[in-house]
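*Asks:* sequence first, then the predicted structure, then my questions.
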Amino acid sequence: WEIEAGLHRAVALNQLQIWLQPQVNSQHKITGAEVLLRWQHPQKGLVPPMEFISVAEESGQINALEEWVLTATIELLNTWQKQGLPSSFKRLSINISPAHFMQADFVERMLQILKKRHPGAVQIEFEITESLLIHNFINASKTMNTLQEHGISFAIDDFGTGYSSLRYLTQLPLDILKIDRSFIQQMEHSESDAAIVDVIMTTANKLGLAVIAEGVETHAQEQLLAERDCQLYQGFYFSKPQFHEQFYQLLIGQD
Ligand code: G
Ligand code: G
Ligand code: MN
Ligand code: NA
């Protein structure tokens, strides 16, 4: 099937959906969520991003898709703020593709969309990858600094799997490192993976960065992370990604 042609119509035909995966603290309270795009296709059903993000990156459609994601996220947030949000809910994070992030007009377009945001306490965060930072340090850091001045915070996604340079951690406006789920899933069985988690936790701590452990699937993994003073968790053990309406019910139901 033609992903590229279908994606073209997906925005216009209202086939894109915002799903959200909770991020919880050590008391299992939802303190944030990651925005995950889904495509409700009339014949194919719910198409996960793995099947279309790379196509969209190659075709250039990723810009339009992620502009839709930010717009839809802001609309949701504005609605929730009217309906009521628990004060423990502090952050919504959005994945930004490197191809999109490096577009010359990326900042301008994001700022245009961010104007629609009503004032509120929830932080909007962009998740970016290490390889983006390594290969385009100067441009990436300019983009990040400008967006930070307009209230956006940044997390590094899949941390530990890319070409890392510890130097950029101190030179960029970063708030959060998300430890890649491959380390979390090996911790129990592999001392070297557990050691990498230790190093990330210690480094983040010293640099004043928060850490989110991704892909937590078991109680044993949570315990190993808690022993290392991990404060924030995301993974199937706590909750799978949910359609935004179910997520909101979960969020307001927890108080
Ligand atoms: O939700 P799921 O596990 O199927 O997501 C698979 C991958 O798709 C994840 O790596 C996630 O970061 C990515 N993804 C989901 N939504 C977006 C998006 O809006 N933009 C980009 N670039 N990636 C996304
Ligand atoms: O690459 P990124 O970190 O954006 O990936 C987010 C994706 O990870 C989501 O699509 C989500 O479905 C998936 N995910 C979230 N929690 C878990 C988990 O506990 N186990 C596994 N295998 N995947 C997860
Ligand atoms: Mn992510
Ligand atoms: Na990740």
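*Replies:* Right, received. Where do you want to start? Quick caveat: nothing in here was measured; it's all calculated off a predicted structure. Ligands and ions are numbered 1, 2, ... in the order given.

*Asks:* C-alpha only now, for contacts and for neighbours.
*Replies:* OK.

*Asks:* which positions in the chain make contact with ligand 1?
*Replies:* Listed as neighbours of ligand 1 in the chain under the rule Cα under 6 Å from any ligand atom: 36-37, 48-50, 66, 95-97.

*Asks:* and the residue in the stretch 51-200 of the chain that ligand 1 sits nearest to, how many neighbours?
*Replies:* As assessed by Cα to the nearest ligand atom, ligand 1 sits closest to Ser97 within the stretch 51-200 of the chain, at 3.8 Å. Neighbour count for Ser97, taken as other Cα atoms under 10 Å: 20.

*Asks:* look up the closest residue to it, ignoring the ones flanking it.
*Replies:* Distances taken as Cα to Cα, 6 or more residues apart in numbering put Ile128 closest to Ser97, at 7.0 Å, once the chain neighbours are dropped.

*Asks:* and the helix or strand hosting that neighbour, how far from the chain's centre?
*Replies:* Using DSSP states H and E, Ile128 sits within strand 123-129. Centroid separation for strand 123-129 versus its chain: 6 Å, with Cα atoms, centre = their mean, to the nearest Å.

*Asks:* about what we covered before: list only those of the residues of the chain next to ligand 1 flagged as buried.
*Replies:* Those of these that meet the buried threshold are 36-37, 66, 95-97, by 16 or more other Cα atoms under 10 Å.

*Asks:* so which of those residues are in helices?
*Replies:* If you go by DSSP state H, those have Glu66 in helices.

*Asks:* with pLDDT and distance to ligand 4 added, can I get the buried ones among the residues of the chain next to ligand 1 in a markdown table?
*Replies:* Formatted as a markdown table, these follow (pLDDT from 0 to 100; distance: Cα to the ion, whole Å):
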| residue | pLDDT | distance to ligand 4 |
| --- | --- | --- |
| Leu36 | 98 | 11 |
| Leu37 | 97 | 14 |
| Glu66 | 97 | 17 |
| Asn95 | 98 | 9 |
| Ile96 | 98 | 12 |
| Ser97 | 97 | 12 |
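
*Asks:* tell me which of the buried ones among the residues of the chain next to ligand 1 is nearest to Trp19?
*Replies:* Nearest to Trp19, judged by Cα to Cα, of those is Leu36 at 5.0 Å.

*Asks:* ok, Phe247 - contacts?
*Replies:* With contact set as Cα atoms under 8 Å, 6 or more residues apart in numbering, Phe247 has these partners: 19-22.

*Asks:* how about 10 Å then?
*Replies:* Listed by Cα atoms under 10 Å, 6 or more residues apart in numbering, the contact set of Phe247 reads 19-22, 33, 239-241, 253.
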